[in-house]
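J.: Predicted model, plus sequence, below.
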Amino acid sequence: MTEHTTSEHTTSEHTTSEHVTAQRVTAEHMPADTGPAETLITRIPVGEIDRLVEDGQATRWTEPAGGLLVTIVEIGGWWWGLREGSDAYERLSEEESARLTHFRTAFELRERARAEVAAMTAPSTGAHSSPPR
Amino acid sequence: MTSPNTTHPPLPQQPPRAGQVPQPTPASASPTAASNLAPTSTAASAQAATQPRTAADLAARPAVTVTGTAVQLVREMLATTANNSTDQYLDAWMARLGQAPADDVIATAGSLRALVAEMRARALGNGPLAQQLNDPDDPRMRSAFERVEGVIGAIETRTGTAADPSPFADDARWLFDRLTPRAVARALIDPRGFDKAPLPPVLNTDQFPGVLAGADVRDRKTLSQATERLLITARDDPRQISSGMVMALTVTQQIMLNRGDPTALAQAQRVVAIDPRPAATAARLRQFANLVEAKQREAGTQALALGAYDVNTLTEHLRGVAEQIDQILGHDYQRTQARSWNLFATPANGLIDEAALRGVERAVIEAVQGARPGQATGRPPRPSVTHRSLFTPAPQAESTAESSTPGTPAQPAPGTAAPASAPTPGASRVRGTAAPASAPAPGASRVRGTAAPASAPAPGASRVRGTAAPGGADPSAAAPAHPVPAQAPDPTAPAPPARLTTPASGPVEPRSTTPDLTVDPEVAAEYALLGSLLHAPGVLSHLETFLEAANFAHEDTRAVYRTLLGLHHDGMLHDVVSLPEQERTDAANENHVKLITALRGQAYAEHVVANPARVIARMNAAAPTSALPYKGVYEPAAQVELGGKVLEAAFVREARKLHLELKPDRPLLSIRKPTEEDVRDQLETLEELAANVEDMAARLTEATLRAGRQVQPVDSTPAAEAADRATRPGWVARKTEGLREQLNPVLRPFQHRAERLLLHLVLHAGRLDQVPRAVLDLDPEQFSDRRHANVWRTVQDLRAAGKPVNYVAVMLEAEHNPDGHRPLPSLEYLTRMAAPPVDPETKEIDREKVASALRTVVNSALARMTSDTGKAVAAVTASDVPVAAKLDETAKAVDWLKERATTALRRHEQATAVNAVQGRASR
């Protein structure tokens, strides 16, 4: 049985045999229709996230930064993050998600810039005066 | 060295300030005035006067740093006060100060100030000086005392040192001890009496610390160790050794460690740049040379004992440095130039970026001449009151320094710091300083003006340090734009620091005049990126697609990035890299000017960079303009990489702000279950091990036969194992390896320098495509220093990954890559490689030197291998350890492991086959 935890203001323990799915998460977290509060999923256990990633329903952030990996996954356009000391992923706020999305875009652009500069400089790396031979 | 019993009574923490100097009142001063003479004295100071000191204590004091000039000035000052009016002696002394005595005027003023502080302290005690001073029937003593204070107050005022604590207080106290209060009293009342008083041995230039005098100079290592011990003593307890001596010892130590590199001129420039009293250091260097020569008279003997450099022995080099110091001090332009370099002298590597400062020099001279019309030469800017030896790390107070004292507050413009040569017309200026209300004369405003702009942030700053960089080429931003001290503060300038408004309150912290360039990998990447973009902005169009100003860690660096983007879009920055070599220096200077002007004018960024000079100094340190002809951080790919690192750091900061969990991107240990392939690999490894053991056994047998030794039977009793450990050769003791590596610079100076040069070279070669093949073919194992070897491995990794190689990349690898090769050299060590390894004179990489270094590394590696092999054979054949038996035992163990692995593999195959059969059956 797979269980998932929902928001604090729900009335039950929210242990259910029903799998968390990306569609459900997406549907519940649509900005226009956030769904009924008592069923809103706000926390997803780590194991469930792993399953979603394996199923291809969630995308894990894989870009290391400074030798570190930030534990966030994207499900249906929302970022879910594992906070320090927590055992479940929490949905990040719109503002937080926007900032992380911004970084993701920046990382993608960095790769493009890398490629462009590499292509630009690859033919002649000895543009400067020569060091000793 | 100083006896451990020697104690120094505490002096008043805050020396007298100009505002506290009592007005020189002639003999009519009232007894009450006498009590005002020591406003900062304390009970502890009073106790100082009565504290007994033994002759041994005094004699144990190795040296004193009060200069001969200061003592001479006191003597002449006292003679003058006896025969002239107040105004006359003040005028005479102002004129005399303007004539640039042999030593540094500022240091002399500091010494004098310390002297008068000690006078005040002693006057509170019960000694003869205090009794005479407080004698209502004999005002002579009090009068003379006040006159001396008046003169010193005038000196303080004119030199702008009034608000600084004196670094010479300890020396002054020592001097007073040697003079005795009676001699001081007699001198104050009767100047001729001072002449009769015996001069303290402070002026005896033959003195030198006993540790070095007694050192065995037949051995360079011993002498170097003695010097090092003294330096450590000075660092741990600065009062145990004079500050002037520390600088001389530091220079000496560097010469001995670096075998004369850098040149005497470069070392002299560094001394003049950071030493408050370089003349004293020169004298100490000569003393050291005399000492060494006295013990090793002949140059040939010296060369054998202490090492000969390319052209000089140690003594010749010491004298050479001293001579260069004197030449610099004797030449106003060179002196001012060297002093201005203080801004760009980094504590980490002591390098001075000459190319970036050519414009600065012009600005300094113009500022000096502009502030002192009619004067053909400039006076050096006021040195730091805090002596900073070459090895002392810079204080970690960036934020405080930047917020409270923008620029380098201890460094007023030369024009303001240096008193005019012409005599000051009357004492009113001095009194105006002491009591501004009574004399709002031009002199008073001038004095105050001297201090005000010195601490005021840009753009009101008129100080050399703050305005130096742009001054040469942009008069609008240069010192001459705000050079007049009496000028009203710029209303648009940020609020002046507290020191301006309350100049006489509270103790003043010693201030460092050197930019804080503390190594922080994150900051290093930012500054290296910004520094490289300033002179190679072409890649900005790529960078700005993914890197925003907000990604930088600090407001200052954000402002610089915004400004660089703005300047680049307006086409105002020179792409220095693409220019012909002869145009690069001027173009780089222009870039500096434009950046600092834009920062001050907030042209592209609203944030006010409190200390643009410091920011630019950091950029220069992280991306030296001298590295422009080479690659390193100036390569476009490297710039994009650096930009990426800045972005990554910003992302990590953002994640931390959100309290998101961060984990290493690669697990420290592999959690993958071993596969059949892994087992096969392990089996092959075991087989290889077994073969190696057999081979070793064969070699051992041969070696033993040649040595005629019999193979001992195996004895595995505890006693035998203990004996085994006891007889283990010392050279295999791994515990000592770290210590040996630390001592590599001393024990293997040639190898260490050669390896360092090669590493330095590759860290400026971008993708290493133009590094000689012979260098690239070096194996990490050929480096004698494990840290060097790891740097080499890291470089090879970077190269294999197709990344540019530079010191920042290596630092980041060391900092962030958990799989990186460790240990690596310290970050400070790597930062010293920010500038290219060029010859200071030719500004080119010395190819012969590189070839020589390569030869040294290869030869030493070969010699090491030969030696190790020889030692191994010798140890094996000479030892009673039953090595052959041990090898047999090891071979058996390996065979056993091999059998186990084979069995495990066979079972695994069987299990796999069974599973496959069952799977087919179930289907």
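T.: Happy to help now that I have it. Numbering: from 1, shown residues only, chains lettered A, B, ... in the order given.
J.: which parts of stretch B:530-542 are buried?
T.: B:530, B:531, B:532, B:533, B:534, B:535, B:536, B:537, B:538, B:539, B:540, B:542 (16 or more other CB atoms under 10 Å in any protein chain shown). To be clear about C-beta, it is placed using only N, CA and C from the backbone, and glycine gets the same treatment.
J.: could you dump it to CSV, C-alpha only?
T.: What follows is stretch B:530-542, C-alpha atoms only, in CSV (Å, rounded to 0.1, in the frame of the first residue of the first chain):
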residue,chain,number,x,y,z
LEU,B,530,34.9,40.8,-13.3
GLY,B,531,38.6,41.4,-13.6
SER,B,532,38.8,39.5,-16.8
LEU,B,533,35.6,41.1,-18.2
LEU,B,534,37.0,44.6,-17.6
HIS,B,535,39.8,44.0,-20.2
ALA,B,536,38.2,41.3,-22.3
PRO,B,537,34.5,42.3,-22.4
GLY,B,538,33.8,40.5,-25.7
VAL,B,539,32.2,37.6,-24.0
LEU,B,540,29.7,39.7,-22.1
SER,B,541,27.2,39.4,-24.9
HIS,B,542,27.2,35.6,-24.2
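J.: So which residues make contact with that stretch?
T.: A:113, A:116-117, B:543, B:557, B:560-561, B:564-565, B:567-568, B:573-578, B:587-588, B:591-592, B:595, B:618-625, B:628, B:633-634, B:636, B:638-640, B:642 (CB atoms under 8 Å, 6 or more residues apart in numbering or on different chains).
J.: Go ahead and build a PyMOL selection from the buried members of the residues you listed.
T.: Provided next is the PyMOL selection string for whichever of the contacts of stretch B:530-542 are buried by 16+ other CB under 10 Å:
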select buried, (chain A and resi 113+116+117) or (chain B and resi 543+557+560+561+564+565+567+568+573+574+576+577+587+588+591+592+595+618+619+620+621+622+623+624+625+628+633+634+636+638+639+640+642)
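J.: In contact with residue B:319, which residues?
T.: Contacts of residue B:319 (CB under 8 Å, 6+ apart): B:285, B:286, B:289.
J.: Distance-wise, check the second one relative to chain A.
T.: It refers to residue B:286. 37 Å (CB to the nearest CB, to the nearest Å).
J.: Could you do residue B:665 as well?
T.: Relative to chain A, and taking CB to the nearest CB, residue B:665 is found at 3 Å.
J.: close enough to count as contact, that residue and residue A:64?
T.: Yes - using CB atoms under 8 Å, residue B:665 is in contact with residue A:64, at 3.4 Å.
J.: In helices only, show me the buried residues of stretch B:530-542.
T.: Secondary structure defined by DSSP state H assigns B:530, B:531, B:532, B:533, B:534, B:535, B:540, B:542 of these to helices.
J.: Residue B:902: neighbour count?
T.: 14 (other CB atoms under 10 Å in any protein chain shown).
J.: which helix in chain A runs the most residues?
T.: Max-length helix for chain A by DSSP H is helix A:94-121.
J.: quick one: that helix near chain B?
T.: Yes - using CB under 8 Å from any CB of the partner chain, helix A:94-121 comes into contact with chain B via A:96, A:99-100, A:103, A:106-110, A:112-114, A:116-118, A:120-121.
J.: Now the buried members of the residues you listed.
T.: Buried, going by 16+ other CB under 10 Å: A:96, A:99-100, A:103, A:106-107, A:109-110, A:113-114, A:116-117, A:121, out of the residues of helix A:94-121 next to chain B.
J.: which of those residues has the weakest pLDDT?
T.: Among these, residue A:121 has the lowest pLDDT, at 72.
J.: and the one helix or strand residue B:273 maps to, C-alpha only, in PDB?
T.: Using DSSP states H and E, the element containing residue B:273 is helix B:264-274. Extracted as PDB, the C-alpha positions of helix B:264-274 are listed here (Å, rounded to 0.1, in the frame of the first residue of the first chain):
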ATOM      1  CA  ALA B 264      66.500  43.200  -5.100                       C
ATOM      2  CA  LEU B 265      64.600  46.000  -6.700                       C
ATOM      3  CA  ALA B 266      61.300  44.200  -6.500                       C
ATOM      4  CA  GLN B 267      61.800  43.400  -2.900                       C
ATOM      5  CA  ALA B 268      62.800  47.000  -2.100                       C
ATOM      6  CA  GLN B 269      59.700  48.200  -3.800                       C
ATOM      7  CA  ARG B 270      57.600  45.900  -1.700                       C
ATOM      8  CA  VAL B 271      59.300  47.100   1.500                       C
ATOM      9  CA  VAL B 272      58.800  50.700   0.700                       C
ATOM     10  CA  ALA B 273      55.200  50.000  -0.200                       C
ATOM     11  CA  ILE B 274      54.200  48.500   3.000                       C
END
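J.: And the helix or strand that it is followed by, what does it pack against?
T.: Next in sequence after helix B:264-274, counting helices and strands by DSSP H and E, comes helix B:278-295. Contacts defined by 3 or more CB pairs under 8 Å, 6 or more residues apart in numbering or on different chains; DSSP states H and E place helix B:278-295 against helix B:210-213, helix B:243-258, helix B:264-274, helix B:299-306, helix B:314-330.
J.: and the ones you listed, which one is worst for confidence?
T.: With a mean of 66, helix B:210-213 has the lowest mean pLDDT of the helices and strands packed on helix B:278-295.
J.: so what's residue B:860 up against?
T.: Contacts of residue B:860 (CB under 8 Å, 6+ apart): B:748, B:750, B:751, B:754, B:784.
J.: try 6 Å this time
T.: Residue B:860 is in contact with residue B:751, counting by CB atoms under 6 Å, 6 or more residues apart in numbering or on different chains.
J.: follow-up on the earlier one: and the helix holding residue B:273, what does it pack against?
T.: helix B:278-295, helix B:314-330, helix B:332-340 (3 or more CB pairs under 6 Å, 6 or more residues apart in numbering or on different chains; DSSP states H and E).
J.: how does it look with 8 Å?
T.: helix B:243-258, helix B:278-295, helix B:314-330, helix B:332-340.
J.: who in the stretch 651-800 of chain B is up against chain A?
T.: Checking the stretch 651-800 of chain B against chain A by CB under 8 Å from any CB, the hits are B:651-652, B:654-655, B:658-665, B:761, B:764-767, B:769-772.
J.: now with 7 Å?
T.: Selection of the stretch 651-800 of chain B residues close to chain A by CB under 7 Å from any CB of the partner chain yields B:651-652, B:654-655, B:658-665, B:764-767, B:769-772.
J.: now, which of those lie within strands?
T.: If you go by DSSP state E, those have B:662, B:663, B:664 in strands.
J.: so where's chain A shaky on pLDDT?
T.: A:1-40, A:122-133 (pLDDT under 70).
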